[in-house]
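# Structure here, sequence nowhere to be found:
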């Protein structure tokens, strides 16, 4: 092979070269022309905003937090299962998305520790579908974990999640 037929390997980027810019290319040796630097430093466009639109299902009911606690104590925890079933079913019927009551009940019975996380997530999701900042997320369920030891965490979780859900329903005119 003749010397004029050989190609020179690409130049490695130097330590001083800006990240994301192509290395300098020698002209006339079969390399593609370097793209203008401005093409590499333009900011990415913002992601599109997605809203699911207005919910089409029936609105759920407002439940007093104190009443939920009272009924849970009086029924020795049975009302907690009713609460999970009812709230998940209302959210599913209202938004068309989520676990629904039967699946939420099965999960609450067999792996109950995930139920606070799932309910807080679904409540936060209905806020996000409307383009609003969610007052609770799945991470709100973390209040329940230390709560088994000190018995305050579950109440904090219930107050936060139930208040967010009640505020959501009140936004539709439910009293």
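Structure's in. What do you need? Note that the structure is a prediction, hence the values are computed from the model and not measured. Numbers count the residues shown, from 1 in each chain.
# Going by C-alpha atoms from here, please, whenever you check contacts or count neighbours.
Will do.
# give the contact list for the residue lying closest to residue 141 once chain neighbours are set aside.
Spatial nearest neighbour of residue 141, excluding adjacent residues (CA to CA, 6 or more residues apart in numbering): residue 117 at 4.3 Å. Residues near residue 117 by CA atoms under 8 Å, 6 or more residues apart in numbering: 137-142.
# now do residue 153
Counting by CA under 8 Å, 6+ apart, residue 153 has contacts 143-147.
# Model confidence for the residue nearest to residue 141, exactly?
Model confidence at residue 117, given as pLDDT, is 95.
# now swap in the one 5 residues further on and tell me
Predicted confidence (pLDDT) for residue 122: 95.
# my guess is it meets residue 95, correct?
No - the criterion here is CA atoms under 8 Å, and residue 122 misses it with residue 95 at 9.9 Å.
# between those two, which one's more packed in?
A count of neighbours by other CA atoms under 10 Å puts residue 122 above the other of residue 122 and residue 95, at 24 against 20.
# Give me the nearest residue to the more buried one, chain neighbours excluded.
Closest to residue 122 by CA to CA, 6+ apart is residue 98, at 6.5 Å.
# for residue 94, same thing?
residue 57 (3.9 Å).
# For the one you found, the count of nearby residues, please.
13.
# quick one, what contacts it?
Contacts of residue 57 (CA under 8 Å, 6+ apart): 93-96.
# returning to that earlier point: most neighbours among the contacts of residue 117, which one is it?
Going by other CA under 10 Å, residue 141 tops the contacts of residue 117 with 25 neighbours.
# Is that residue in contact with residue 156, as I believe?
No - counting by CA under 8 Å, residue 141 does not reach residue 156; the two are 9.6 Å apart.
# which other residues reach stretch 163-172?
Counting by CA under 8 Å, 6+ apart, 59-63, 65, 123, 127, 135-136 sit against stretch 163-172.
# Which of those residues sits closest to residue 160?
Distance ranking of those against residue 160, using CA to CA, places residue 136 first at 7.1 Å.
# in the protein, which spans are helices?
38-41, 65-74, 78-95, 101-110, 115-129, 144-150, 153-170 (DSSP state H).
# if we can go back for a sec, what's the PyMOL line that selects buried ones from the contacts of residue 153?
Buried residues within these, by 16 or more other CA atoms under 10 Å, are selected in PyMOL with:
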select buried, resi 143+144
